[in-house]
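Student: A structural model of the following input is requested.
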Amino acid sequence: MKIGYTLSRMRLPALVDGDIVNLDLTTFHGQWTIFCVLSRLSLLEVCFLQQQAPPFIQQNATLAGFIPHAFPFHDGRIQAIRPLTLPFLANPLGKVSRAFGLVSPRDSDKCQSLIFDPQGTVRYHLIHELNGRGMAFVMEMLVQCQTPTVQRTPETSTFFAPHTVPLSLAT
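Tutor: Numbers count the residues shown, from 1 in each chain. Below you'll find the predicted structure:
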């Protein structure tokens with residue numbers, strides 16, 4: 001996985017609001033985005049991620065499903081889910097998978113999550129179970145990525161702060 005890789009202008013087939021459209025990856029620029037890279041897409045995965053979307057929305061982030069190896073939208077039950085609040089992207093030619101350096105076994109029960117900052121740069125890559133605990137960890141990492149880092153200098157670090165002895169203890 002290539003941390004620091006930036007989303008480029010690529011169009012992928014996507015399921016958005018129940019319709020199959022071509023979606024440009026740069027659509028996600030300007031917002032925190034999490035791609036949940038799934039080994040398969042069935043009604044179970046769609047319903048689960050649909051339930052997980054609200055906390056990410058509250059954190060000002062977009063959750064999206066990403067299927068790296070096929071065109072998975074043949075199941076009419078998936079398209080019939082209304083309202084479908086998150087996009088599901090397909091990568092039938094594997095261009096994005098190669099660009100990101102993603103390797104995912106097709107029969108794995110694991111999910112890979114990629115966290116992108118508003119500039120479209122990969123900030124974190126995580127492999128986890130597709131369950132509540134795994135998604136809670138993704139949320140923790142999102143919050144950590146969104147938290148600005150403070151540059152430590154000798155003046156701001158308590159380790160380098162000059163040690164003083166309180167006057168009441170000085171003899």
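Student: tell me which residues touch the residue nearest the centre of the chain, please.
Tutor: Central residue of the chain (C-alpha atoms, centre = their mean): Ile34, 1.9 Å from the mean position. Applying C-beta atoms under 8 Å, 6 or more residues apart in numbering, we find Ile34 in contact with Phe56, Ala61, Thr62, Leu63, Ala64, Ser113, Leu114, Ile115, Phe116, Val138, Leu142. Where C-beta positions appear, they are placed from N, C-alpha and C, glycine not excepted.
Student: helix/strand/coil for it?
Tutor: strand (DSSP: H, G, I helix; E, B strand; the rest coil).
Student: any idea how far it is from Leu93?
Tutor: 23 Å (C-beta to C-beta, to the nearest Å).
Student: how many residues are close by the closest residue to Leu15 other than its chain neighbours?
Tutor: Closest residue to Leu15 apart from its sequence neighbours, by C-beta to C-beta, 6 or more residues apart in numbering: Phe88 at 4.4 Å. Residues lying near Phe88 (other C-beta atoms under 10 Å) number 25.
Student: do the same with Val96
Tutor: Counted with other C-beta under 10 Å, Val96 comes out at 20.
Student: right, and it touches Arg11 too?
Tutor: No. Using C-beta atoms under 8 Å, Val96 is not in contact with Arg11, being 10.5 Å away.
Student: name the residues contacting each of the two.
Tutor: Leu25.
Student: tell me which element the closest residue in space to Leu130 that isn't next to it in sequence is part of?
Tutor: Leaving aside its chain neighbours, Leu130 sits nearest to Cys111 (4.2 Å; criterion: C-beta to C-beta, 6+ apart). Taking DSSP states H and E as the criterion, Cys111 maps to strand 110-116.
Student: what's whichever helix or strand comes after that strand in contact with?
Tutor: Elements were assigned by DSSP H and E; along the chain past strand 110-116, the next helix or strand is strand 122-129. For strand 122-129, contacts defined as C-beta under 8 Å, 6+ apart pick out 1-6, 100, 109-117, 134-135, 137-138, 141-142, 144-145.
Student: which of these are buried, as a ChimeraX select command?
Tutor: Typed into ChimeraX, the line below selects the buried ones among these, using 16 or more other C-beta atoms under 10 Å:
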select :5,100,111,112,113,114,115,116,117,134,135,138,141,142,145
